[in-house]
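Novice: Sequence and predicted structure are below.
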Amino acid sequence: MRRLVVAMSGATGAVYGVRLLESLQSQQNCEVHLVLSPWAEKTIAMETKYSPSQVKKMATYYHDYRNQGAPIASGSFGVDGMIVVPCSMKTLSGIAYGYADSLIARAADVMLKDRKPLILVPRETPLNEIHLENMLKLTRAGAIMAPPMPAYYNLPTCLDDLVNHHVSRILDLLHIENQLTRRWGSVFVASATE
């Protein structure tokens, strides 16, 4: 059984977290623990067709943002990886400086201290020096920065294509097979033979 934490903070881009949850639902032997910040709940309601309660039901377990006693707050619980998607600069900063004032920051701290995969999907532009320094600090500590950069080689025709491509890359980082997007090899080979 693979056990993952998915956390959503209040940055724009809630669709990435929702699509990741939808994709993980179809995985066998995958237990998903979800945490939503208060602003994530507001962003879900503003940016997606789902309500926060519907998104919570996409996970195996939902944990309150303030519950520092949740199982995922301890390394002894045994989590295989964590994704913060989207990741606000506030959340990223808290994780970078070990300021575990929420369950998201505490669970991320557990990933870093136990050397488990921690994937952050930062949503901000442009980036200032503080943002970049925090990202570098976390990368050096073992986190993976995976900002949603659109890929155009697979010829996206709609927003869903761009979202699916990025969620596919997140799943790839977790070594979870998926068919959400066209792969570079198939795109390149098709283009070369035309």
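Specialist: Looks like it arrived, so ask away. Residues are numbered from 1 along each chain as shown.

Novice: Strands of this structure, residue ranges please.
Specialist: Residue ranges of the strands in the chain, as given by DSSP state E, are 2-8, 30-36, 61-63, 81-87, 118-122, 144-145.

Novice: The fourth one - what's its average pLDDT?
Specialist: The average pLDDT for strand 81-87 rounds to 98.

Novice: remind me which residues of the chain are low pLDDT?
Specialist: Counting by pLDDT under 70, the chain contains low-confidence ranges at 187-194.

Novice: ok so, going back, which of the strands of the chain is buried the deepest?
Specialist: Of all those, strand 81-87 has the most neighbours on average by mean count of other CB atoms under 10 Å, namely a mean of 28. C-beta coordinates here come from the backbone N, C-alpha and C atoms, glycine included.

Novice: Serialize the strands of the chain to TSV and add fields for distance to residue 21.
Specialist: Compiled in TSV, the strands of the chain are given as follows (distance: least, CB to CB, whole Å):
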stretch	distance to residue 21
strand 2-8	6
strand 30-36	7
strand 61-63	11
strand 81-87	9
strand 118-122	13
strand 144-145	19
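
Novice: ranges for the helices of the chain?
Specialist: Using DSSP state H, the helices of the chain run over residues 14-25, 38-47, 52-56, 89-96, 103-113, 129-141, 159-173, 184-193.

Novice: okay, those helices in TSV with mean neighbour count next?
Specialist: Written out in TSV, the entries for the helices of the chain read as follows (neighbours: other CB atoms under 10 Å):
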stretch	mean neighbour count
helix 14-25	22
helix 38-47	18
helix 52-56	17
helix 89-96	22
helix 103-113	23
helix 129-141	14
helix 159-173	19
helix 184-193	10
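
Novice: quick one: which of those is nearest residue 82?
Specialist: Nearest to residue 82 among the helices of the chain is helix 103-113 (4.8 Å), distances taken as CB to CB.

Novice: elements contacting the closest one?
Specialist: Contact here means 3 or more CB pairs under 8 Å, 6 or more residues apart in numbering; DSSP states H and E; on that basis helix 103-113 packs against strand 2-8, strand 30-36, strand 81-87, helix 89-96, strand 118-122.
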